Each structure stands twice: as C-alpha cells, then as structure tokens.
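# I'd like to go over a predicted model; first the sequence, then the structure.
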Amino acid sequence: MRHVVVLLAVLWVCDGVKFGQLCSSNPSNSRRTSDRWGQGQYGAGRGTRLHQGLDIKCSDGAAVYAPFDVTLNGKLTVYTDPSTDSLIEALRLHPAGLCFKLFYVRPDRTSGTVRKGQRIGTMLPMQSVYPGITSHIHVQMCDRSDPTPYF
C-alpha cells in the first residue's frame, strides 16, 4: 500500500517577504523544472487544468524548514486519493499577511511557535508513488495566485 502524506502548511506572511530555505537538500530553493510527470512552474499544463503552485526541489526524506516565523495551528486532512491510495495531510501555520500551503511534507508537530529555519517536517517519498518525478515541495497560495514572486 502506497501513501503520500502532504503537509498543507498554511503560511500567513507580510508583503515583501521572501521564502527562507524550505528543504535541507536545497539551500537555494531551486525549482523543479521538467520531468516525465510535467513541469513545476506556476501555470504549467496538467492535462485539462493548470498547475496552481510552484514546485521547490526536495529530496525524499529531507528535513523541511519553516520559511518564516509561524505558529502551528493544527493538522488538517485535505483529501484521500483512492487511485494512488494517498493520504493528504495538512498543517496550519500562521504569521500575519499572505497565505501559503506546502504539500508532500510529514509534519513533526501540529501546534506551537516555529521560528524561520526551524525544522517543521520531513519530505515524503514521492518516488514510491510517482517514479521518476523530481521530488519536490508544492507551494501553493491559498487564493491560488502565483507564489513565484515570494522566492
């Protein structure tokens, strides 16, 4: 049975703030470009829909860090995908301002205050569900606008 757990990290940040390092294996927040599963930029085609996030490379099992000072405010379940038997989890993080979500991350905890750069979870094993994909954290704004300017 294959599981992909997703951290839906809802991040509220102030305008003008740039993301800090998200992943221990990617200090510069390099973006996923193209692989057999598609492209990682905002607006890339996904069959009949558009990609509504930005994919930041992260190796399976790598530590994931808070890109801002945040308060953890509970875990959420986003959806279960029966076609891949994937469980999608979520974690709410609140500073003030904008709202972002982080996917494909197993959270370390679901409450308390987290400082920028502090570990918040572990990158899930994308290769076990999507062989050949560039493993990544999917960053999506809550209003589905383009998160690219924040990197």
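That came in fine, so what should we check first?

# remind me which residues of this structure are low pLDDT?
1-16, 73-98 (pLDDT under 70).

# Quickly find the element holding the residue nearest in space to the middle of the chain.
The chain has Leu102 as the residue nearest its centroid, 2.5 Å off, counting by Cα atoms, centre = their mean. According to DSSP states H and E, Leu102 maps onto strand 98-103.

# What are the buried residues along the helix or strand following that strand?
Once strand 98-103 ends, the next helix or strand along the chain (criterion: DSSP H and E) is strand 105-107. Neighbour counts over strand 105-107 (16 or more other Cβ atoms under 10 Å) mark 105-107 as buried. From N, CA and C alone the C-beta is placed, and that goes for glycine too.

# could you redo those as JSON lines and give each row distance to Thr48?
Listed next are these as JSON lines, based on distance: Cβ to Cβ, whole Å:
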{"residue": "Val105", "distance to Thr48": "27"}
{"residue": "Arg106", "distance to Thr48": "30"}
{"residue": "Pro107", "distance to Thr48": "31"}
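
# separation between the closest residue to Gly53 other than its chain neighbours and Pro131?
Closest residue in space to Gly53, ignoring its immediate chain neighbours: Gln140 at 3.6 Å, by Cβ to Cβ, 6 or more residues apart in numbering. Here Gln140 is placed at a distance of 23 Å from Pro131 (Cβ to Cβ, to the nearest Å).

# what does Gln39 give?
Gln39 is 18 Å from Pro131, by Cβ to Cβ.

# need the contact list for the residue nearest to Gly53.
Neighbour list for Gln140: 52-54, 100-101, 103, 147 [criterion: Cβ atoms under 8 Å, 6 or more residues apart in numbering].

# Many thanks, I have nothing further to ask.
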